[in-house]
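Chemist: this one's sequence-less:
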């Protein structure tokens with residue numbers, strides 16, 4: 001079954017566009033002229049003389065917003081977690097903070113997390129004996145966020161009780 005104008009009716013999905021671009025590589029120039037494709041949608045630079053200039057860095061093509069400014073909140077938050085980890089693990093290797101910033105971006109945009117609360121969770125988990133060895137990236141921070149949030153509240157809002165005798169007074 002062939003779907004006419006399949007490409008034309010797809011949303012601008014980078015994965016589909018990369019797949020389409022990789023298929024177009026082997027098509028001769030004279031046949032490419034017959035194909036009705038909006039080449040501007042492809043994540044590659046198209047040059048009619050050299051067909052497709054495939055600088056296929058798939059990671060950067062999957063998200064056009066892959067570079068975060070060093071002044072962005074996503075980058076700063078990633079750097080903050082990294083510095084906290086380095087305090088208790090000085091030999092922790094350098095990380096790709098751009099990649100880390102993507103997970104912070106997802107936490108803010110998709111998960112609708114508050115940046116102040118993210119900072120509180122980072123502060124708490126990097127002082128907790130168990131969690132500081134388990135949260136070593138923003139990806140793990142995002143995956144464990146709900147659990148960290150619950151665990152960080154235990155003991156904070158509970159009223160202090162002297163003992164069993166106080167149970168009847170409530």
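Modeler: On my side now, so go ahead. Since we're looking at a predicted model, the values are computed, not measured. Numbering: from 1, shown residues only.
Chemist: So which residues of this protein form helices?
Modeler: Counting by DSSP state H, the chain has these helices, from start to end: 14-24, 29-32, 58-62, 73-88, 97-109, 115-125, 138-143, 145-153.
Chemist: how about these in a markdown table, adding mean neighbour count and distance to residue 131?
Modeler: In this view, the C-beta of every residue, glycine as well, is placed from N, C-alpha and C. What follows is these, written out as a markdown table (neighbours: other CB atoms under 10 Å; distance: least, CB to CB, whole Å):
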| stretch | mean neighbour count | distance to residue 131 |
| --- | --- | --- |
| helix 14-24 | 16 | 34 |
| helix 29-32 | 10 | 54 |
| helix 58-62 | 14 | 28 |
| helix 73-88 | 18 | 11 |
| helix 97-109 | 19 | 17 |
| helix 115-125 | 17 | 4 |
| helix 138-143 | 19 | 10 |
| helix 145-153 | 15 | 7 |
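Chemist: Can you check which of the ones you listed gets nearest to residue 132?
Modeler: Nearest of the helices of the chain to residue 132, taken as CB to CB: helix 73-88 at 5.6 Å.
Chemist: How about residues contacting the closest one?
Modeler: Contact with helix 73-88 is made by 68-70, 92, 95, 97-98, 100-105, 108, 115, 118-119, 122-123, 126, 132, 135-138, 141, as judged by CB atoms under 8 Å, 6 or more residues apart in numbering.
Chemist: need the helix or strand of this structure with the lowest average pLDDT.
Modeler: Ranked by mean pLDDT, DSSP states H and E, the weakest helix or strand in the chain is helix 58-62, scoring a mean of 36.
Chemist: and the helices of the chain, which one is worst for confidence?
Modeler: For the helices of the chain, mean pLDDT drops lowest on helix 58-62, to a mean of 36.
Chemist: Roughly how far does residue 72 sit from residue 105?
Modeler: Distance of residue 72 to residue 105, given as CB to CB, to the nearest Å: 9 Å.
Chemist: go on, residue 151?
Modeler: Residue 151 sits 24 Å away from residue 105, going by CB to CB.
Chemist: How about residue 77?
Modeler: 9 Å.
Chemist: just residue 127 next, same as before
Modeler: 25 Å.
Chemist: Likewise for residue 148?
Modeler: 19 Å.
Chemist: How about residue 140?
Modeler: In terms of CB to CB, residue 140 sits 16 Å off from residue 105.
Chemist: Next: residue 93.
Modeler: With CB to CB as the criterion, residue 93 and residue 105 are 23 Å apart.
Chemist: what do you get for residue 69?
Modeler: From residue 69 over to residue 105 (counting by CB to CB), the distance is 12 Å.
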